[in-house]
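Q: sequence unavailable; structure follows:
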């Protein structure tokens, strides 16, 4: 009895002291970084590398509690998956966030267009399933300089959570050799810049501006088949995703494949895949399966692509 009274007195004393000396340490925001998805001509191995860099950079924050990459791997293993089997839907990513007890989930993509790398990030609130912020950073740089891109992107996330006074080395910018004049605004090499303006318009769901930019970039880029490959992909995506016009979308997906000199190169096999999706939506299952088989063959080196093709095949073959 004496010990019970002593414990009760001690706890009461702690409670009383807390009234006068309240704990003021704020709780950190727990955040997980989903594996960065690589698109375009970037090396697929950059996905895990950029993910690790983002985790390292965010771990420097006093405001964030970063979920270890090994924890994510363990959760995937328990679900019978691996980190190369990416789930693209917000709902899927939210469920992963819940399993690792994260409050926020960072989902990123790394896209290479020509010599430019573009990194886009979304911060999703696990409790509500809504996207709280979107971040975009890009550099005209080599793979060796991509840690700078990861650092810049991580700093933007840290600023979003209230940190100030942060800085990182500036991102590289294209240089003009000594004695060589800069190209005028109308020079043909600017078709990549115009195209990127179109992609940016597509990402903010401004279909009309995107289509105008793509049309403006097309004439000067005709001699560059890799450029035309990318251009027609986004042109088709604009018609499908924003204009809801499958006829025009199919036209540009077909052009994307036609101009490609290497169907193993992104986005040609994705354009083949989309032709299969549209064929299925039109009720032509045989044509859809033919395109999906072709796409699976050419896109086998992209992590997660084969899984997506098989998922679509299952949808087509499932009895209605």
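A: Structure received. No experiment lies behind these values; they were computed from the predicted model shown.

Q: my guess is residue 207 contacts residue 242. True?
A: Yes: here residue 207 reaches residue 242: they are 3.7 Å apart, a contact under C-beta atoms under 8 Å. Where C-beta positions appear, they are placed from N, C-alpha and C, glycine not excepted.

Q: quick one, phi/psi of residue 109?
A: phi -130, psi 140 (degrees, to the nearest 10).

Q: so who does it touch?
A: By C-beta atoms under 8 Å, 6 or more residues apart in numbering, residue 109 lies in contact with 36-39, 119-120.

Q: mind putting those residues into a markdown table with pLDDT?
A: A markdown table is the format used below for these (pLDDT from 0 to 100):
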| residue | pLDDT |
| --- | --- |
| 36 | 90 |
| 37 | 89 |
| 38 | 89 |
| 39 | 84 |
| 119 | 92 |
| 120 | 90 |
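
Q: tell me which of these is nearest to residue 317?
A: Nearest to residue 317 among those, counting by C-beta to C-beta, is residue 37 at 26.7 Å.

Q: coming back round to it: need the max-distance pair from the contacts of residue 109.
A: Farthest pair in those, by C-beta to C-beta: 38 and 120, 12.0 Å.

Q: cross the contacts of residue 109 against strands and list the overlap.
A: Those of these mapping onto strands are 37-39, 119-120, per DSSP state E.

Q: closest to residue 295 among those residues?
A: residue 39 (15.5 Å).

Q: beta partners of that closest one?
A: residue 111 (DSSP bridges).

Q: got it, and residue 137?
A: With DSSP bridges as the criterion, residue 137 is bridged to residue 119.

Q: tell me how many other residues crowd it.
A: 19 (other C-beta atoms under 10 Å).

Q: hang on, the earlier thing: between residue 38 and residue 120, which one's more packed in?
A: Comparing residue 38 with residue 120 by other C-beta under 10 Å, the one with more neighbours is residue 38, at 25 against 19.

Q: which ones are touching the more buried one?
A: Shown in contact with residue 38 (C-beta under 8 Å, 6+ apart): 44, 46-47, 109-111, 302-303.

Q: now the phi/psi pair for the closest residue to residue 61 other than its chain neighbours, please.
A: Counting by C-beta to C-beta, 6 or more residues apart in numbering, residue 158 is the residue found nearest to residue 61 once chain neighbours are left out, at 4.9 Å. When read as degrees, to the nearest 10, the backbone of residue 158 gives phi -60, psi -40.

Q: now for residue 158, how many residues are close by?
A: 19.

Q: low-confidence stretches in the chain?
A: Residues of the chain that meet the criterion pLDDT under 70 lie in 1-26, 79-88, 168-169, 171-189, 320.

Q: mind listing the helices for it?
A: Assigned by DSSP state H, the helices in the chain fall at 2-20, 46-58, 69-78, 90-99, 146-160, 191-203, 207-217, 225-237, 246-259, 268-281, 285-298, 305-317.

Q: any chance of those in CSV, plus distance to residue 135?
A: Compiled in CSV, the helices of the chain are given as follows (distance: least, C-beta to C-beta, whole Å):
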stretch, distance to residue 135
helix 2-20, 39
helix 46-58, 11
helix 69-78, 20
helix 90-99, 16
helix 146-160, 5
helix 191-203, 12
helix 207-217, 21
helix 225-237, 20
helix 246-259, 28
helix 268-281, 24
helix 285-298, 31
helix 305-317, 25
